[in-house]
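Engineer: Quick one, what's the 3D model for this:
(4 chains)
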Protein chains: 4
Amino acid sequence: MDKKKFIAVIGSGDCSPQEARLAEEVGKELARHGAILVCGGLGGVMAAACRGATLAGGLTIGILPGDSRRSANPYVQIPIVTNLGEARNVIVVKTAQAVIAIGGGYGTLSEIGHALKNNIPVVGLNTWQLFRDGIPEASIITAKDPSDAVHKAISLI
Amino acid sequence: MDKKKFIAVIGSGDCSPQEARLAEEVGKELARHGAILVCGGLGGVMAAACRGATLAGGLTIGILPGDSRRSANPYVQIPIVTNLGEARNVIVVKTAQAVIAIGGGYGTLSEIGHALKNNIPVVGLNTWQLFRDGIPEASIITAKDPSDAVHKAISLI
Amino acid sequence: MDKKKFIAVIGSGDCSPQEARLAEEVGKELARHGAILVCGGLGGVMAAACRGATLAGGLTIGILPGDSRRSANPYVQIPIVTNLGEARNVIVVKTAQAVIAIGGGYGTLSEIGHALKNNIPVVGLNTWQLFRDGIPEASIITAKDPSDAVHKAISLI
Amino acid sequence: MDKKKFIAVIGSGDCSPQEARLAEEVGKELARHGAILVCGGLGGVMAAACRGATLAGGLTIGILPGDSRRSANPYVQIPIVTNLGEARNVIVVKTAQAVIAIGGGYGTLSEIGHALKNNIPVVGLNTWQLFRDGIPEASIITAKDPSDAVHKAISLI
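Structural biologist: Here you go, the predicted model:
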C-alpha cells in the first residue's frame, strides 16, 4: 500500500448541492485511480467525497477535529481522532501529497495556506482566488471538472 | 492584567524592509495603547513588531513553532514553546482578540483563514486580497497605515 | 471497515530484542483478530508490531511526529503526517479503543497517562508500574504474554 | 524579562484542600524568587498556584486546553488559548525549564512523562512514584515542602 497516492479533498462542512455533486464525483475518480482519500472527516464536501470514494471501492481517511470517532461521517473508513480542533487542518494537508479544494469557506482557506506553505500542490474547483497588490496569485491550479481535478492532482505528485 | 487587550501581528518571517518598518510601528502603537502583542515569535514581521513593542515598553508573547525558547527573536519576552510547527498558527490567532496582518506569505494566509473562521477581526496592511467567484471578499478590514491598523484592531474587540 | 477495532501498540522507538519479539507477536495476533493497528509509526516496538501485523495480513496506521511520510517504518501502510512532535502521542491514544503498552520509556509513560485520562483501557507487557502514596495503582491491566494482551485488549472494547 | 525563569506547576484540576495549600505556597515562593509560573490555566492545583503567585506579585501564564480565554482561572494573567485539549500538556511542559508536580491524576502523569522525555527536571510533592520491573525509577526528585520544591526546581535550571 506504500505506493498508493494520498490525496486530500478539502471544502466546507456545510456545502451547496452543486459542491456536493462535485465532491462525490471527485471521490469516485480518486477511487478509480487507486488513490487514498484524506479529509477532515465531517459533513458537506468531506462526506460527499468519502461517499463517492467508498461507493467506487476506495479507502477513506477522516482526520477528525473532535474527541470521538462517532463524529465521523458514515463513509470514513479510517477515523483519526485528534481532538485538536482546526489545528487538525495541518494534518489533513501534510498527510496528503496533493490537495483538491472544492468551494470552501475560511477553514478551507486556512488549509490552502498550509498546503501552499508546504509546497503541496493545490487544485481548485470553484474555490478561492488569491490576489496580492491587485495581481492574481497563480498558486492554485484551476480544474474545469472533477475528472480534470483528479487527473491534475495525481499528475502533480 | 486581565483587562489588557491581546492583539496578534502576523506576517512573513522573511519580509521586506518596508514591511518591517510597518511592523515596528504597529508594535509601538500597540504598546502605547497598552495592548499585549502576540505573534509567532520568529523573525521578519514578527521580530520587527516585537522590537517596536518592547522599545515602547509593551509586553510581547511569541508562540514558537519549534522546540526551543532560543528560537525566539530577541524581543520576545514570553516565549511559548509548542514544537507544533505551523499548527501553532491556530494558537497565535486564538490567543488574540484581533489580528493585524502585514504583507504575508502562505503561512499568513493560513492564519487569516483561521482568524476569520473563528470570527476574530482581521485588519490588513498590504496583505492578501480574497475573491470568490470573481467577487472581492470584504472580510479583511483594510488599514491605511500602522496607526490606523492599531486603532481599528482595538476598536473591533 | 467501521466495525473494525482500532488498537494502539505503544513502546519505545529503541527497544530490546525481547520487547521487539513481544511487539511482533502482538502485531500478528491483532491482525489474526481483524483489528487495525495504530502506533506512532517509528522504529523499535512500533516497527516490530507493524511488521507482525503486516506479515499476518493486517492493516497498520502510523501517526508520525515528524514532517515526512518517509520517516515511517517500512511496515506502516497508512502514514499520518502530523509534524506535532510528541503531541501526536495524544492522537495515537485517542484513535485507539484500547492500548497495549510494551516495555517503554518516558514517551510511553505519557501515552499511558493520556489513555487512562481518556478512559481508554491500557494492557501492559513488562511496562511501567504506578504507585500513589506507596500503594500500587491498578489501572494498567497486566498481561502475561502477547496472546493474553491482545485477548484482553479486544475484550475490553 | 528574558533572564526570568519559567517554571511549570502541574496537578489535578480537582484537588484536595491540602494539595491546594501546597500549590498556593509553591506559587508564592515562585513569585518571591522572580520566576514566571506556567500552568494549564484551569482550577484545582493550577488555580491555587496562580493565586499564590499573583498575591505575591508574580506573573502567571495559563496554557488553556479549551477555546476561550474565559475558561482560565481568575489568577491567570497571560491566557494562551490552544483549543488542543490535552495535547496542550506538551506545551505546558516545554514552555517551562523545570516542572513541579503536586499530587496529580492521569493528566499530570502524562505531563511527567513528557517532561522526563524532554530532559526537563521534575520535582514532586505527594505525586506519582514510578517503578520498572519492581525497581523504583528515581527520575522524579522528591521535595519535602513547597519551599524545598521551588528551591530544587530553580537550582536545577
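Engineer: Tell me how many other residues surround A:Gly44.
Structural biologist: 22 (other CB atoms under 10 Å in any protein chain shown). Bear in mind the C-beta positions are built from the backbone N, C-alpha and C, glycine included.
Engineer: For it, list the residues it contacts.
Structural biologist: Contact analysis of A:Gly44 by CB atoms under 8 Å, 6 or more residues apart in numbering or on different chains lists A:11-15, A:19-20, A:23.
Engineer: For PyMOL, what selects the buried ones among those?
Structural biologist: PyMOL command restricting the contacts of A:Gly44 to the buried ones, with burial defined by 16 or more other CB atoms under 10 Å in any protein chain shown:
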select buried, chain A and resi 11+12+13+15+19+20+23
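Engineer: and the contacts of A:Gly44, which of them are in strands?
Structural biologist: Among the contacts of A:Gly44, the ones falling in strands (DSSP state E) are A:Gly11.
Engineer: Which of the contacts of A:Gly44 sits closest to C:Gly107?
Structural biologist: A:Gly13 (33.5 Å; CB to CB).
Engineer: ok, the closest one touching A:Ala49?
Structural biologist: No. Contact criterion CB atoms under 8 Å: A:Gly13 and A:Ala49 do not qualify, at 11.8 Å.
Engineer: I'd like the contacts of A:Gly44 laid out as a markdown table, including pLDDT.
Structural biologist: Formatted as a markdown table, those follow (pLDDT from 0 to 100):
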| residue | pLDDT |
| --- | --- |
| A:Gly11 | 98 |
| A:Ser12 | 96 |
| A:Gly13 | 96 |
| A:Asp14 | 95 |
| A:Cys15 | 95 |
| A:Glu19 | 97 |
| A:Ala20 | 98 |
| A:Ala23 | 98 |
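Engineer: Looking at the contacts of A:Gly44, which is nearest D:Val90?
Structural biologist: Nearest to D:Val90 among the contacts of A:Gly44, with distances taken as CB to CB, is A:Gly13, at 27.6 Å.
Engineer: roughly how far apart are that closest one and A:Gly66?
Structural biologist: 12 Å (CB to CB, to the nearest Å).
Engineer: Cross the contacts of A:Gly44 against helices and list the overlap.
Structural biologist: Those of those mapping onto helices are A:19-20, A:23, per DSSP state H.
Engineer: between those, which is nearest chain B?
Structural biologist: Of all these, A:Glu19 has the smallest distance to chain B: 12.2 Å, by CB to the nearest CB.
Engineer: which residues does the residue nearest to that closest one when sequence neighbours are not counted contact?
Structural biologist: Once flanking residues are discounted, A:Glu19 sits nearest to A:Gly103: 4.2 Å by CB to CB, 6 or more residues apart in numbering or on different chains. Contacts for A:Gly103 (CB under 8 Å, 6+ apart) come out as A:11-12, A:15-16, A:19, A:22, A:45, A:125-127.
Engineer: related to what we said a few turns ago, tell me which two in the contacts of A:Gly44 are the farthest apart.
Structural biologist: A:Asp14 and A:Ala23 (12.5 Å).
Engineer: can you give me how far the helix or strand where A:His114 lies is from the chain middle?
Structural biologist: Using DSSP states H and E, A:His114 maps to helix A:106-117. Distance, stretch centre to chain centre, for helix A:106-117: 11 Å (CA atoms, centre = their mean, to the nearest Å).
Engineer: Can you tell me which helices and strands it packs against?
Structural biologist: Applying 3 or more CB pairs under 8 Å, 6 or more residues apart in numbering or on different chains; DSSP states H and E, we find helix A:106-117 packed against strand A:6-11, helix A:88-95, strand A:98-102, strand A:122-125, helix B:106-117.
Engineer: For D:Gly57, state which of the contacts of A:Gly103 is nearest.
Structural biologist: A:Ser12 (48.6 Å).
Engineer: Could you check how far that closest one is from A:Val150?
Structural biologist: 20 Å.
Engineer: and A:Ile157, how many neighbours?
Structural biologist: 13.
Engineer: Check the residue lying closest to it once chain neighbours are set aside and give its pLDDT.
Structural biologist: Leaving aside its chain neighbours, A:Ile157 sits nearest to A:Gln97 (4.4 Å; criterion: CB to CB, 6+ apart). pLDDT, A:Gln97: 98.
Engineer: Contacts only, for A:Gln97.
Structural biologist: A:5-7, A:120, A:157.
Engineer: any idea how far A:Ala8 is from it?
Structural biologist: 9 Å.
Engineer: Can you check the distance spanned by stretch A:58-68, start to finish?
Structural biologist: Stretch A:58-68 stretches 23 Å from its first residue to its last (CA to CA, to the nearest Å).
Engineer: quick one: buried residues of that stretch?
Structural biologist: Going by 16+ other CB under 10 Å, stretch A:58-68 has these buried residues: A:58-66.
Engineer: residues in chain A within reach of chain B, list them.
Structural biologist: A:84-87, A:89-91, A:105-114, A:116-118, A:126, A:128-134, A:139 (CB under 8 Å from any CB of the partner chain).
Engineer: mind listing what the residue lying closest to A:Ala20 once chain neighbours are set aside touches?
Structural biologist: Leaving aside its sequence neighbours, A:Ala20 sits nearest to A:Ala48 (CB to CB, 6+ apart; 4.1 Å). By CB under 8 Å, 6+ apart, the contact list for A:Ala48 reads A:15, A:19-21, A:23-24, A:27.
Engineer: same deal with A:Glu19?
Structural biologist: Contacts of A:Glu19 by CB under 8 Å, 6+ apart are A:11-12, A:44-45, A:48, A:102-103, A:126.
Engineer: Would you quantify the distance from it to chain C?
Structural biologist: The gap separating A:Glu19 from chain C is 25 Å, by CB to the nearest CB, to the nearest Å.
Engineer: So what touches the helix or strand bottoming out on mean pLDDT in chain A?
Structural biologist: In chain A, no helix or strand scores lower on mean pLDDT, DSSP states H and E than strand A:135-136, which sits at a mean of 89. Strand A:135-136 is contacted from outside by A:129-130, using CB under 8 Å, 6+ apart.
Engineer: Ramachandran coordinates for the residue of chain A positioned farthest from its centre?
Structural biologist: In chain A, A:Asp133 marks the outermost C-alpha relative to the chain mean, sitting 28.4 Å out by CA atoms, centre = their mean. Backbone geometry at A:Asp133, expressed as degrees, to the nearest 10, gives phi 50, psi 40.
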